[in-house]
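[1] let's see this in three dimensions:
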Amino acid sequence: MTNMISGKFNVTRRGLMLSAGAMLAAPALMRAHYSHAQTGLTCVSWGGAYQDMFQRVFTDPFGKETGIQVNLVSGPDLAKAKGQVQSGQIEWDIMDATAAMATAGEAEGLWEPLPGDIVDVDDVVLPLRESSAPFLMFGGVIGYAPGRAGDVYPRTFKDFFDVEKVPGRRALRTRISETLELALVADGVDPQSLYPLDVERGFAMLERIKPHVTKWIEQTPQTISLVQNNEVDFSYTYNGRVESARKDNIDIAFSLEQNLILNQYLAVLKGTSKAEQAIRFVAFCMSPERQADWANSYYSIPARKSALPLVNPEVASRLPDLNNPANVIMDDTWWAQNYVELDRRFKEWLAT
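    Numbering: from 1, shown residues only. Next up, the predicted model:
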């Protein structure tokens with residue numbers, strides 16, 4: 001356990017800063033939109049087995065403890081969240097956001113500020129942002145089916161982009177963050193010297209792999225199902241998704257030789273009439289007990305230091321290693337400044 005966890009606290013060098021003075025802003029207006037008038041909270045998350053675990057670990061226990069129901073819907077989207085905030089038609093109270101979405105949304109003022117005492121700041125692996133809480137740290141990996149691939153599968157990002165060395169049908173995300181990192185490392189950029197990203201070089205590498213991508217994936221559960229159903233041979237996916245599928249006896253695995261280390265955040269949409277309840281839910285998700293259960297369920301690094309001893313040693317042995325120099329730790333601050341523009345460019349590129 002110690003070897004897997006040691007060094008994890010150094011990720012704060014990425015410049016994530018706690019705004020200790022952030023106070024809970026009062027909700028702007030009561031919203032009348034019918035889909036948001038239902039009892040309880042609405043949280044937009046990522047579907048599939050991940051969302052099932054999210055419900056078991058977070059929303060169901062929260063409901064039992066507080067009496068507040070949390071309704072889960074699928075498909076976080078920053079543009080949709082922005083539209084809700086700008087129109088005042090809030091449908092999602094809470095967004096389970098990628099780091100790029102969370103930081104870019106924060107820059108655009110889309111989230112409610114979090115109170116500085118929402119969590120013990122000395123007990124968090126990553127510091128809180130002003131308006132989002134890092135509740136999940138996990139690995140972006142290359143999934144494959146061992147029964148079909150045998151010994152010929154991508155062990156690194158370079159392997160994934162090398163269609164001659166490792167032939168096969170490939171799948172990537174319709175998400176510029178993560179995909180751009182993969183392309184640059186595959187093209188030979190040192191993982192430890194990756195940021196600021198060389199955008200033009202990354203797009204050039206994507207141009208080379210584009211004809212060999214069988215499927216560009218929008219919905220995260222497809223990163224597993226496409227491999228499972230023999231629609232692709234190799235797919236960019238996530239270590240927790242793979243581990244969950246393995247528990248269900250699905251023929252899928254991933255290499256620990258090279259991973260992209262990602263952070264995920266909970267944010268409360270600006271202007272929701274249920275901000276106080278939503279922030280209470282965020283605090284609940286950050287508790288040591290919930291974080292330990294989440295780590296053991298999803299094979300993630302817990303967000304609370306006090307939860308680390310509660311992680312099953314077998315789980316810890318299969319976590320991506322932050323000390324591996326081949327791994328990339330995503331720079332959330334860089335994406336906060338660049339996500340919106342590059343996301344638009346990438347979607348236009350995909351359409352051509």
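[2] in this structure Glu243 contacts Asn296, no?
    No: contact criterion C-beta atoms under 8 Å: Glu243 and Asn296 do not qualify, at 10.5 Å. Where C-beta positions appear, they are placed from N, C-alpha and C, glycine not excepted.
[3] for this protein, which segments count as strands?
    41-45, 70-74, 94-98, 133-144, 170-173, 213-217, 234-238, 253-254, 260-268, 328-329 (DSSP state E).
[4] tell me which of the ones you listed sits nearest to Asp117.
    Checking the strands of the chain against Asp117 by C-beta to C-beta gives strand 133-144 as the closest, at 12.5 Å.
[5] and that closest one, what does it pack against?
    helix 157-161, helix 222-228, strand 234-238, helix 239-247, strand 253-254, strand 260-268, helix 275-285, helix 288-298 (3 or more C-beta pairs under 8 Å, 6 or more residues apart in numbering; DSSP states H and E).
[6] could I get the ones you listed as a markdown table with mean pLDDT and mean neighbour count?
    Shown next, in a markdown table, are those (pLDDT from 0 to 100; neighbours: other C-beta atoms under 10 Å):
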| stretch | mean pLDDT | mean neighbour count |
| --- | --- | --- |
| helix 157-161 | 98 | 22 |
| helix 222-228 | 97 | 22 |
| strand 234-238 | 97 | 27 |
| helix 239-247 | 92 | 20 |
| strand 253-254 | 96 | 23 |
| strand 260-268 | 95 | 26 |
| helix 275-285 | 98 | 20 |
| helix 288-298 | 94 | 21 |
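[7] can you redo these as JSON lines with distance to Val141?
    Compiled in JSON lines, these are given as follows (distance: least, C-beta to C-beta, whole Å):
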{"stretch": "helix 157-161", "distance to Val141": "10"}
{"stretch": "helix 222-228", "distance to Val141": "10"}
{"stretch": "strand 234-238", "distance to Val141": "6"}
{"stretch": "helix 239-247", "distance to Val141": "5"}
{"stretch": "strand 253-254", "distance to Val141": "4"}
{"stretch": "strand 260-268", "distance to Val141": "8"}
{"stretch": "helix 275-285", "distance to Val141": "24"}
{"stretch": "helix 288-298", "distance to Val141": "13"}
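[8] where does this protein dip in pLDDT?
    For the chain, applying pLDDT under 70 flags the ranges 1-38.
[9] nearest to Val315, of the strands of the chain?
    strand 133-144 (12.0 Å).
[10] and of the strands of the chain, who's closest to Phe160?
    The nearest among those, by C-beta to C-beta, is strand 133-144 at 5.2 Å.
[11] mind listing what's buried along the closest one?
    133-144 (16 or more other C-beta atoms under 10 Å).
[12] run the chain-centre distance for that strand.
    6 Å (C-alpha atoms, centre = their mean, to the nearest Å).
[13] now the longest helix seen in the chain - C-alpha only, PDB.
    If you go by DSSP state H, the chain has its longest helix at helix 332-350. In PDB, the C-alpha atoms belonging to helix 332-350 read as follows (Å, rounded to 0.1, in the frame of the first residue of the first chain):
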ATOM      1  CA  ASP A 332      -5.800  21.000 -14.700                       C
ATOM      2  CA  THR A 333      -4.700  24.600 -14.700                       C
ATOM      3  CA  TRP A 334      -3.500  24.500 -18.300                       C
ATOM      4  CA  TRP A 335      -6.800  23.100 -19.400                       C
ATOM      5  CA  ALA A 336      -8.700  25.700 -17.500                       C
ATOM      6  CA  GLN A 337      -7.100  28.300 -19.800                       C
ATOM      7  CA  ASN A 338      -7.400  26.300 -23.000                       C
ATOM      8  CA  TYR A 339     -10.300  23.800 -22.900                       C
ATOM      9  CA  VAL A 340     -13.100  25.800 -24.400                       C
ATOM     10  CA  GLU A 341     -11.200  26.900 -27.500                       C
ATOM     11  CA  LEU A 342      -9.600  23.500 -28.100                       C
ATOM     12  CA  ASP A 343     -12.800  21.600 -27.500                       C
ATOM     13  CA  ARG A 344     -14.500  23.600 -30.200                       C
ATOM     14  CA  ARG A 345     -11.600  23.100 -32.600                       C
ATOM     15  CA  PHE A 346     -11.500  19.400 -31.900                       C
ATOM     16  CA  LYS A 347     -15.200  18.900 -32.500                       C
ATOM     17  CA  GLU A 348     -14.900  20.800 -35.800                       C
ATOM     18  CA  TRP A 349     -11.900  18.600 -36.700                       C
ATOM     19  CA  LEU A 350     -13.900  15.500 -36.000                       C
END
